[in-house]
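Visitor: Whatever this is, show me its structure:
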Amino acid sequence: MGAIGGCLLILVLAAFAAAIWAISRYNNLVTLKNQVANAWKQIDVQLKRRHDLIPNLIASVKGEMQFEQDTLEKVIQARNSAVTARGVAETAEKENQLTQTLSRLFALAENYPNLKANESVKSLMEELTSTENKIGFARQFYNDIATRFNTVQEIFPDQFIARTLNFQHVELFEISEPAERDVPAVDLSVRPK
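Guide: Purely as a prediction, here's the structure:
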């Protein structure tokens, strides 16, 4: 094997190593992309559960909260709007609006002793609260994996593969309402009886 054969062998091995590296980086991007899609589906499952619980809750409280029809209608409107949302940004915005209207409903329900004592209402509210927590965890997981996917697309040399093969950055769940960024005020002062 002469000098030309040795150079040719080195070039073939280098091309083979480059191809293996490129395949590995591509597979990493595909894996992250699929993990982002899975994380989104986990959010979607929890949102569906939330959307399914709300009409049951409204039906359970409707008779007791007859003077709060405006609030009940706003909850249903916010729910229907959230159900039709598409994409991360729109879903986040609509779900935040739904969360706000549900918070008002929960606060108003505190004023009705019969509702607080009603086992089916209590059970639905607990399920909804549990679902809210699961949504929060699912959003956090989604943002973590989406950030990782976006970061890999920007890191040298993976960015060349990402650009060449048209991988796109994904949106993160963000707080869209400035009021939601405010720290809640807590009054822990002791008041005389």
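Visitor: Next, the buried residues of the host helix or strand of Phe149.
Guide: Assigned by DSSP states H and E, Phe149 belongs to helix 119-154. Using 16 or more other Cβ atoms under 10 Å as the test for burial, helix 119-154 gives 121, 124-125, 127-128, 131, 134-135, 138-139, 142-143, 145-146, 149-150, 152-153. (Each C-beta comes from the backbone N, C-alpha and C, glycine too.)
Visitor: Report the helix or strand with the lowest average pLDDT across this protein.
Guide: helix 113-117 (a mean of 74; mean pLDDT, DSSP states H and E).
Visitor: just the angle between the longest helix anywhere in the chain and helix 119-154, please?
Guide: The longest helix of the chain (DSSP state H) is helix 3-61. With axes from the mean of the first three to the mean of the last three Cα atoms, to 10 degrees as the basis, helix 3-61 and helix 119-154 are set at 160 degrees to each other.
Visitor: distance between helix 3-61 and the chain's centre?
Guide: 17 Å (Cα atoms, centre = their mean, to the nearest Å).
Visitor: Can you name the element that comes right after it?
Guide: Criterion used, DSSP H and E; the element after helix 3-61 is helix 69-83.
Visitor: Can you give the distance of stretch 89-103 from its chain's centre?
Guide: 11 Å.
Visitor: Can I get that stretch in PDB, CA atoms only?
Guide: Extracted C-alpha coordinates of stretch 89-103, given in PDB (Å, rounded to 0.1, in the frame of the first residue of the first chain):
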ATOM      1  CA  ALA A  89     -48.400  30.800  23.200                       C
ATOM      2  CA  GLU A  90     -52.100  30.800  22.500                       C
ATOM      3  CA  THR A  91     -52.700  27.800  24.800                       C
ATOM      4  CA  ALA A  92     -50.700  29.500  27.600                       C
ATOM      5  CA  GLU A  93     -52.700  32.700  27.200                       C
ATOM      6  CA  LYS A  94     -56.100  31.000  27.100                       C
ATOM      7  CA  GLU A  95     -55.200  28.700  30.000                       C
ATOM      8  CA  ASN A  96     -54.000  31.600  32.100                       C
ATOM      9  CA  GLN A  97     -57.400  33.300  31.500                       C
ATOM     10  CA  LEU A  98     -59.200  30.100  32.500                       C
ATOM     11  CA  THR A  99     -57.100  29.900  35.700                       C
ATOM     12  CA  GLN A 100     -58.000  33.400  36.600                       C
ATOM     13  CA  THR A 101     -61.800  32.800  36.200                       C
ATOM     14  CA  LEU A 102     -61.500  29.500  38.100                       C
ATOM     15  CA  SER A 103     -59.800  31.300  40.900                       C
END
